[in-house]
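>>> give me coordinates for this.
(chains A and B)
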Amino acid sequence: DQQVKQNSPSLSVQEGRISILNCDYTNSMFDYFLWYKKYPAEGPTFLISISSIKDKNEDGRFTVFLNKSAKHLSLHIVPSQPGDSAVYFCAALNNAGNMLTFGGGTRLMVKP
Amino acid sequence: KAGVTQTPRYLIKTRGQQVTLSCSPISGHRSVSWYQQTPGQGLQFLFEYFSETQRNKGNFPGRFSGRQFSNSRSEMNVSTLELGDSALYLCASSDAGTGGEKLFFGSGTQLSVL
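Residues are numbered from 1 along each chain as shown, chains lettered A, B, ... in the order given. Modelled structure (predicted):
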């Protein structure tokens, strides 16, 4: 049973436009969420995070929104750049331990 | 600071063999986690070590084991390899004593089982 789901395996966006990546979770014990970006042949790198006490966190071009009632979070990238092309993973953590539960990833392609 | 280092980068084994993968965390980080990435499965948690003790374990068979040394370096071992064990194995370190902090990942070891 997947507790964290990214229903779109891929997303294609034009350079300069907004990219919106979505993530849904089922476990109401999750209280901290993170987004990671992964390039081929490299490990994931941390992008941005949000605590369940917030509904928005912004860092430059990246904004994460959290809707606790819908158990849904999204990552907005504005404006999108070709260098943003990568696989994006959302991950969730509960306060019971140090184990991240990852979604299956979304491959973002930003076209010049 | 040097990042998380995993060795080897690539490994080819045959069914039934065993394999040991190594991970050196960022200096000062005491938590080391291991993840398996397969196509379409995302990253699946294997286990986490903190100060030489296994603190969390994922839902993998007993053929997958690990350990952490006093210098925080970690190894994972897979015995009696199966074709389905072919995957990218990622190690991540954290300076967290508790959960909530971000992980720093290595580049992974790509294991192919023939």
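>>> now do the same contact list for the residue in chain A that chain B sits nearest to.
Nearest to chain B in chain A, going by C-beta to the nearest C-beta, is A:Gly43, at a distance of 3.1 Å. For glycine as for every other residue, the C-beta is placed from the backbone atoms N, C-alpha and C. Counting by C-beta atoms under 8 Å, 6 or more residues apart in numbering or on different chains, A:Gly43 touches B:4, B:90, B:92, B:105-108.
>>> what's the burial count for residue 70?
If you meant another chain, say so; for now it's chain A. 9 (other C-beta atoms under 10 Å in any protein chain shown).
>>> wait, chain B
Residues near B:Ser70, counting by other C-beta under 10 Å, number 7.
>>> centroid-nearest residue for chain B?
B:Trp34 (3.1 Å; C-alpha atoms, centre = their mean).
>>> please save the CA atoms from the helix or strand hosting it in PDB.
Using DSSP states H and E, the element containing B:Trp34 is strand B:31-38. Output of strand B:31-38 as PDB, limited to C-alpha atoms (Å, rounded to 0.1, in the frame of the first residue of the first chain):
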ATOM      1  CA  SER B  31      22.500   8.900  11.100                       C
ATOM      2  CA  VAL B  32      22.900   6.700   7.900                       C
ATOM      3  CA  SER B  33      19.900   5.400   6.000                       C
ATOM      4  CA  TRP B  34      19.800   3.100   3.000                       C
ATOM      5  CA  TYR B  35      17.200   3.100   0.200                       C
ATOM      6  CA  GLN B  36      16.600   0.900  -2.800                       C
ATOM      7  CA  GLN B  37      15.500   2.500  -6.100                       C
ATOM      8  CA  THR B  38      14.000   0.400  -8.800                       C
END
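>>> about what we covered before: the residue of chain A closest to chain B and A:Phe33: what is the separation?
The gap separating A:Gly43 from A:Phe33 is 19 Å, by C-beta to C-beta, to the nearest Å.
>>> check contacts around the closest residue to A:Arg17 other than its chain neighbours.
Leaving aside its chain neighbours, A:Arg17 sits nearest to A:Ser80 (5.7 Å; criterion: C-beta to C-beta, 6 or more residues apart in numbering or on different chains). By C-beta under 8 Å, 6+ apart, the contact list for A:Ser80 reads A:13-19, A:108, A:110.
>>> please see if stretch A:53-66 touches chain B.
No: using C-beta under 8 Å from any C-beta of the partner chain, stretch A:53-66 never reaches chain B; the gap is at least 11.8 Å.
>>> chain B: strands as residue ranges?
Here chain B has its strands, by DSSP state E, at B:5-7, B:10-13, B:19-24, B:31-38, B:42-50, B:53-57, B:64-68, B:74-78, B:87-94, B:104-105, B:109-113.
>>> nearest to A:Ala92, out of those strands?
Among the strands of chain B, the nearest to A:Ala92 by C-beta to C-beta is strand B:42-50 (11.5 Å).
>>> which residues touch stretch A:10-19?
A:20-21, A:75-82, A:84, A:106-112.
>>> just the buried positions in that stretch, please.
For stretch A:10-19, the neighbour count (16 or more other C-beta atoms under 10 Å in any protein chain shown) marks A:11, A:13, A:19 as buried.
>>> could you export the helix or strand the second one falls within as CSV, CA atoms only?
So the one you mean is A:Val13. Per DSSP H and E: A:Val13 is located in strand A:10-14. Only the C-alpha atoms of strand A:10-14 are listed here, as CSV (Å, rounded to 0.1, in the frame of the first residue of the first chain):
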residue,chain,number,x,y,z
SER,A,10,5.9,12.7,-16.2
LEU,A,11,5.3,16.3,-17.0
SER,A,12,6.4,18.5,-19.9
VAL,A,13,6.4,22.3,-19.6
GLN,A,14,7.6,25.2,-21.7
